[in-house]
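A.B. asks: Provide a 3D model corresponding to the input given below.
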Amino acid sequence: MFENLTGRLGDVFSSLRGRGSLSEKDVDEAMREVRRALIEADVALPVARDFIDKVKARAVGAEVLKSVTPGQQVIKIVHDELVEMLGGANADGALSFQAAPPVAFMMVGLQGSGKTTSTAKIAKRMTMRDKRKVLMVSLDTRRPAAQEQLRVLGEQAGVATLPIVDGQQPVQIARRAMEAARTGGYDVVMLDTAGRIHIDEELMAEVAEIRDIAKPHETLLVADSLTGQDAVNVAQQFNERIGVTGIVLTRTDGDGRGGAALSMRAVTGVPIKLLGTGEKVDALEDFRADRVAGRILGMGDVVSLVERAAETIDAEKAQKIAAKMKKGEFDLDDMAEQLAQMKRMGGMAGVMSMLPGMGKMQKAAAGAHMDDSVVKRQAAIISSMTKKERRNPKLLNASRKKRIAAGSGTEVQEINRLLKLHRQMADMMKMMGRQKGGGMFAKLGAALGAGGFDEATAGGVDPEALEKMMPKAGAGMPRLPGLPGAGGLPGLPGSRGGMPGLPGLPSGKKKK
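C.D. replies: Alright, predicted model coming up:
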């Protein structure tokens, strides 16, 4: 969502890095470009102006102009102010359950913003992660099949839904839902209200009546990040008329400019609590101001990446791969599992967006048409091999490669590239296996293999420790301990040229 803004800010800051000194004129020019980038990203004008004023007030002081690294100091100030604009590093964006059950959560928003899907996502998360007994209820009697949609999503997510009774109006359904939750011993009731294509008096009156009956502990506004500046106006009106306790931003995996996210918190004072990152029921992320600010400024979000891996990884397979890594073994079956894991974590773009300093590499990959379709072709190649061939790639002679190419719909050259990539990864695994203690990523493997972060099994690896390894504002990507090479990307062989460890990306050689 923030790709354009990240690119523009990256260009501004690249001109500041490495300068021995900065004049007030230099700061003014940089802030003018930052302001332009924010406005182009659909950030509300008053918010952009206030942000620039705060940054400028700090950036022209002795803290920067007399600093040893003034360029990086400016970037740090921008990062700090961006975090504050998004709610602050210590803001508590967690959903609150501090009320007598059943706790009501009311979802509000315009039609098409993603309320029903978000209701199912949050309900599944509460069921799986928070161990709550959840009842989902559709109060949308206007949109055709809205109630049926929530019922189907409930079946997919494994969450109970209130039985549909034809002819009942939203207020009647709300009363029945609260009574059913009390008698059924439910911890949480998720109320999915109806929306309109625009805010009108009838919508507000209906939502207000439901609010008075259910007395929701949390009222979550679902806003589509692709609607840009209008999403801020919607948030203001809902907050003034109904009272909103949190915002859920949907479609953040799209190509929206991101201004809505930056403006909503500043304009309404209501915290953004969750981000919808895809269509699947588990595509939901906690909103953390410091992590989002890091992504916007191209510093990545390693902590969220590892947390996402912990949630999606198959513990049993991870333990098997970890055991093989210790022996220095890594066959094509293991590589296929790595490709599948990358897909579960959001694909190549999803992983690269969370790695520090990867903004320009992402653009290069997109320009070379190296996207998730490359990963799919590589997975198809491996699945077209026999078990023996996957375990022993040395068996792959010319005739076998032709057979595999025909079976996977690819070319022999692609098979050769895949085998070269596998050899590089296998060599790296051997090097890591020979290191004392297995290096940092062996500890990570232990943590993820255990299904999460655990001090005893992970040797002290936790999100906070990883956060300390992340680069400071304005710094480049650090060399992570326990890895071969100098300054290479985590878990990727080599340290110069391209990125041979990420499937489908060039290994530094220019295309002829």
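A.B. asks: just give me the neighbour total for residue 341.
C.D. replies: 18 (other C-beta atoms under 10 Å). Bear in mind the C-beta positions are built from the backbone N, C-alpha and C, glycine included.
A.B. asks: neighbouring contacts of stretch 16-34?
C.D. replies: By C-beta atoms under 8 Å, 6 or more residues apart in numbering, the surrounding residues in contact with stretch 16-34 are 8-9, 11-13, 15, 52, 55-56, 59-60, 64-65, 70-72, 74-75, 78, 474.
A.B. asks: swap in 6 Å and give it another go.
C.D. replies: 12, 52, 56, 59-60, 70-71, 74 (C-beta atoms under 6 Å, 6 or more residues apart in numbering).
A.B. asks: ok, of those residues, which one's closest to residue 410?
C.D. replies: Nearest to residue 410 out of the contacts of stretch 16-34 is residue 12 (C-beta to C-beta; 41.7 Å).
A.B. asks: how far away is the closest one from residue 35?
C.D. replies: 10 Å (C-beta to C-beta, to the nearest Å).
A.B. asks: scan the contacts of stretch 16-34 and report the most crowded one.
C.D. replies: Going by other C-beta under 10 Å, residue 74 tops those with 32 neighbours.
A.B. asks: that one: which element?
C.D. replies: Element membership of residue 74, judged by DSSP states H and E, is helix 70-85.
A.B. asks: extract the CA atoms of that helix and return them as CSV.
C.D. replies: C-alpha atoms of helix 70-85 as CSV (Å, rounded to 0.1, in the frame of the first residue of the first chain):
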residue,chain,number,x,y,z
PRO,A,70,23.0,15.1,10.0
GLY,A,71,21.3,13.3,7.1
GLN,A,72,20.5,10.2,9.2
GLN,A,73,19.4,12.4,12.1
VAL,A,74,16.8,14.0,9.8
ILE,A,75,15.5,10.6,8.8
LYS,A,76,15.3,9.5,12.4
ILE,A,77,13.2,12.6,13.2
VAL,A,78,10.9,11.9,10.3
HIS,A,79,10.6,8.3,11.6
ASP,A,80,9.8,9.4,15.1
GLU,A,81,7.2,12.0,14.0
LEU,A,82,5.6,9.4,11.6
VAL,A,83,5.3,7.0,14.5
GLU,A,84,3.6,9.7,16.6
MET,A,85,1.2,10.6,13.7
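A.B. asks: same for it, what does it pack against?
C.D. replies: For helix 70-85, the packing partners by 3 or more C-beta pairs under 6 Å, 6 or more residues apart in numbering; DSSP states H and E come out as helix 45-59, helix 62-65, helix 289-296.
A.B. asks: by contact count, what packs against the helix or strand in which residue 238 is found?
C.D. replies: Assessed by DSSP H and E, residue 238 sits inside helix 229-241. Helices and strands touching helix 229-241, by 3+ C-beta pairs under 6 Å, 6+ apart, are strand 218-224, helix 259-268.
A.B. asks: mean neighbour count, distance to residue 111 and mean pLDDT added to the ones you listed, as a markdown table?
C.D. replies: Listed next are those as a markdown table, based on neighbours: other C-beta atoms under 10 Å; distance: least, C-beta to C-beta, whole Å; pLDDT from 0 to 100:
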| stretch | mean neighbour count | distance to residue 111 | mean pLDDT |
| --- | --- | --- | --- |
| strand 218-224 | 25 | 10 | 92 |
| helix 259-268 | 24 | 17 | 79 |
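A.B. asks: could you dump these into TSV with distance to residue 27 added?
C.D. replies: Shown next, in TSV, are the helices and strands packed on helix 229-241 (distance: least, C-beta to C-beta, whole Å):
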stretch	distance to residue 27
strand 218-224	34
helix 259-268	21
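A.B. asks: residue ranges of the helices in the stretch 1-150 of the chain, please?
C.D. replies: Assigned by DSSP state H, counting those that start in this stretch, the helices in the stretch 1-150 of the chain fall at 3-14, 24-40, 45-59, 62-65, 70-85, 115-128, 146-157.
A.B. asks: helix/strand/coil for residue 247?
C.D. replies: Classification of residue 247 by DSSP: H, G, I helix; E, B strand; the rest coil places it in strand.
A.B. asks: okay, and the helix or strand of the chain with the least pLDDT?
C.D. replies: Across the helices and strands of the chain, mean pLDDT, DSSP states H and E gives its lowest value to helix 455-458, namely a mean of 35.
A.B. asks: how many degrees apart are the helix holding residue 74 and helix 289-296 in direction?
C.D. replies: 130 degrees (axes from the mean of the first three to the mean of the last three C-alpha atoms, to 10 degrees).
A.B. asks: what mean pLDDT does helix 70-85 get?
C.D. replies: The predicted model assigns helix 70-85 a mean pLDDT of 81.
A.B. asks: try stretch 413-423
C.D. replies: 90.
A.B. asks: can you list the weak-confidence ranges in the stretch 1-150 of the chain?
C.D. replies: Residues of the stretch 1-150 of the chain that meet the criterion pLDDT under 70 lie in 1-4, 17-21, 61-69, 92.
A.B. asks: for the stretch 351-500 of the chain, that is, sorry about that
C.D. replies: By pLDDT under 70, the low-scoring segments of the stretch 351-500 of the chain are 351-371, 432-500.
A.B. asks: okay, buried residues for the helix or strand containing residue 172 please.
C.D. replies: Assigned by DSSP H and E, residue 172 belongs to helix 170-184. By neighbour count with 16 or more other C-beta atoms under 10 Å, helix 170-184 contains the buried residues 170, 173-174, 177-178, 180-181.
A.B. asks: give me the angle between it and helix 146-157.
C.D. replies: Relative orientation of helix 170-184 versus helix 146-157 (the same axes, to 10 degrees): 30 degrees.
A.B. asks: for helix 170-184, output the C-alpha coordinates as CSV.
C.D. replies: C-alpha atoms of helix 170-184 as CSV (Å, rounded to 0.1, in the frame of the first residue of the first chain):
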residue,chain,number,x,y,z
PRO,A,170,-31.8,-5.6,12.2
VAL,A,171,-32.9,-4.4,15.7
GLN,A,172,-34.9,-7.7,16.2
ILE,A,173,-31.9,-9.7,15.1
ALA,A,174,-29.6,-7.8,17.5
ARG,A,175,-31.9,-8.5,20.5
ARG,A,176,-32.1,-12.2,19.5
ALA,A,177,-28.3,-12.4,19.1
MET,A,178,-27.6,-11.0,22.6
GLU,A,179,-30.1,-13.4,24.2
ALA,A,180,-28.7,-16.4,22.2
ALA,A,181,-25.1,-15.4,23.3
ARG,A,182,-26.1,-15.3,27.0
THR,A,183,-27.9,-18.6,27.0
GLY,A,184,-25.3,-20.3,24.8
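A.B. asks: many thanks, have a good one.
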